[in-house]
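*Asks:* pasting the sequence and the predicted coordinates here, then a few questions.
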Amino acid sequence: MDFAALAAQIDEAAPRPGRERGGRSPFPTELMVRVLVIQQLYNLSDEQMEFQLLDRLSFQRFVGLRQSSHAPDRTTLWTFKERLIKAGATEKIFEAVNRQLDRQGYIARGGQMIDASIVPVPKQKLTRDEKEIVQQDVMPAEWSPSKRRQKDVQARWTKKHGKSDFGYKLSTSVDKRHKLIRRVQVSTASEHDTLHFDGVLDAGNTSRDVYADKGYVDGEREQRLTAQGWRLHIQRKGQAGKPLSDCQERRNRRIAKTRARVEHIYASLEQMGGKALRSIGLDRATLHLHWKAATYNLRRLCTLMDVGPQPF
């Protein structure tokens, strides 16, 4: 992986700050990219990342540090991520990694699997009046500045399989052949999965096959996409008084055998800590999850290069 090229694309989207005010020059962007990759891989907080850079020689070698005393601290990591958010460069690292995957021959050719998962955040304890105000995307006037910094007013509640969750939602399109994440969209947890189907549909996949579970059933959209040449394999769901026929049940099982591969991706993300957030707000959640998806793809690339191309 060419980390220098990744850093160059980050600098193009979010230029490094100048030194007009003096002080020490900022850390090289390539070093910061490597640090954030390790942070996502091992699910470390900014404080833990600072400590581990000072403690582990393997981390220092990977990021290119010659002296541990010159390692970026927690404030530097925070400032770097805020710089990406303010510049609108949240998705750049994910896009840059995927371009390098394509250049190494891992092109999306086997169809795609679309799915979504809840990413929880710490639950907020609010009064009834505060909840009404927060639902209007504003903060109560009586909150102090310190309390405002600790309250996530953009996360939302949702209910899935009878369980209530609070947080955000990660929607992905995954390459069926290589199990690489190709498209990502982040939203509040209350938004239904089906609203993001078109947003994560990967038009760059050379196969027109699309697999999804019964949560994505939408007759009007299916007609439109079928007319555009897509081959949709979406599981059917029964309705009150109209259970699925035996033929539909067999079709669902056939689709499930392929669609189940997308669950492997979410299991890997959960192992990397991708199913929980330490940040506050949708913008930071979007940055965090794009870096997490990019890191997953790098990890998956190592597996693919070890065992060779996967069969269809």
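*Replies:* Good, I have the coordinates. Numbers count the residues shown, from 1 in each chain.

*Asks:* got the contact list for the host helix or strand of D11?
*Replies:* If you go by DSSP states H and E, D11 is part of helix 3-13. Helix 3-13 is contacted by residues 28-30, 32-34, 84, 87-89, 92-93, 95-97, 100 when judged by C-beta atoms under 8 Å, 6 or more residues apart in numbering. In this view, the C-beta of every residue, glycine as well, is placed from N, C-alpha and C.

*Asks:* go with 7 Å
*Replies:* 29-30, 33-34, 87, 89, 92-93, 96-97 (C-beta atoms under 7 Å, 6 or more residues apart in numbering).

*Asks:* tell me how many other residues crowd A155.
*Replies:* 25 (other C-beta atoms under 10 Å).

*Asks:* could you list every residue that touches it?
*Replies:* 121, 166-168, 188-189.

*Asks:* most neighbours of all these, which one?
*Replies:* Y168 (29 neighbours).

*Asks:* wasn't that residue part of a strand?
*Replies:* Yes: using DSSP: H, G, I helix; E, B strand; the rest coil, the assignment for Y168 is a strand.

*Asks:* L44: neighbouring residues, count only.
*Replies:* 20.

*Asks:* please, which helix or strand holds it?
*Replies:* Using DSSP H and E, no helix or strand contains L44.

*Asks:* so which of the contacts of helix 3-13 sit within helices?
*Replies:* Among these, the members found in helices (DSSP state H) are 29-30, 33-34, 92-93, 96-97.

*Asks:* does E191 touch S171 like I think?
*Replies:* No: the criterion here is C-beta atoms under 7 Å, and E191 misses it with S171 at 9.0 Å.

*Asks:* out of these two, which sits in the more crowded spot?
*Replies:* Counted by other C-beta under 10 Å, E191 and S171 do not tie: S171 has more neighbours, with 21 against 16.

*Asks:* my read is the more buried one is in a strand, agree?
*Replies:* Yes: checked against three-state DSSP, S171 lies within a strand.

*Asks:* surely it is in contact with V200?
*Replies:* Yes: S171 is within contact range of V200, at 5.1 Å (criterion: C-beta under 7 Å).

*Asks:* which residues do the two both contact?
*Replies:* Q185.
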